[in-house]
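J.: For reference, the sequence and a predicted model appear below.
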Amino acid sequence: MNPLQETIQTAAARIMEYLAEHKTASSWKLKINIRLSSSVLYMALGVLYAEGKIKLEADELNYNVSLAQSQPLPPAAPAAPQQPEA
């Protein structure tokens, strides 16, 4: 693995740690708190997004970043039909 790939993987791991603790953050907040360059931040977010680990929502100049659900929720069980009272 080359140094840039290592930097991106390290940044992705730090983003996941931050989101595990805080649940959600703006891309700006991640950049400032984790102290990442913009290019490394967005490459790491791209890797995590491609792997399905995070959700991204555009918010003007920034993105809101949150953890993706690890497993889809099972469908709700249909309500049992009520039997007429005798």
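T.: Great, that's in hand.

J.: now the helix or strand where residue 5 lies: mean pLDDT?
T.: With the criterion set as DSSP states H and E, the secondary-structure element containing residue 5 is helix 3-22. The average pLDDT within helix 3-22 is 96.

J.: before we move on, what about stretch 69-86?
T.: Here the mean pLDDT over stretch 69-86 is 57, rounded to a whole number.

J.: that older thread, C-terminal to the helix holding residue 5, what's the next element?
T.: On the C-terminal side of helix 3-22, the nearest following helix or strand under DSSP H and E is strand 24-26.

J.: C-alpha coordinates for the very next helix or strand once past that next one, PDB please?
T.: Past strand 24-26, further along toward the C-terminus, the next helix or strand under DSSP H and E is helix 27-34. Backbone C-alpha positions of helix 27-34 (Å, rounded to 0.1, in the frame of the first residue of the first chain) are rendered in PDB as follows:
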ATOM      1  CA  SER A  27     -17.900  17.300   6.700                       C
ATOM      2  CA  TRP A  28     -16.500  20.600   8.100                       C
ATOM      3  CA  LYS A  29     -16.700  19.400  11.700                       C
ATOM      4  CA  LEU A  30     -14.900  16.200  10.700                       C
ATOM      5  CA  LYS A  31     -12.200  18.200   8.800                       C
ATOM      6  CA  ILE A  32     -11.600  20.500  11.800                       C
ATOM      7  CA  ASN A  33     -11.800  17.900  14.600                       C
ATOM      8  CA  ILE A  34      -9.800  15.200  12.900                       C
END
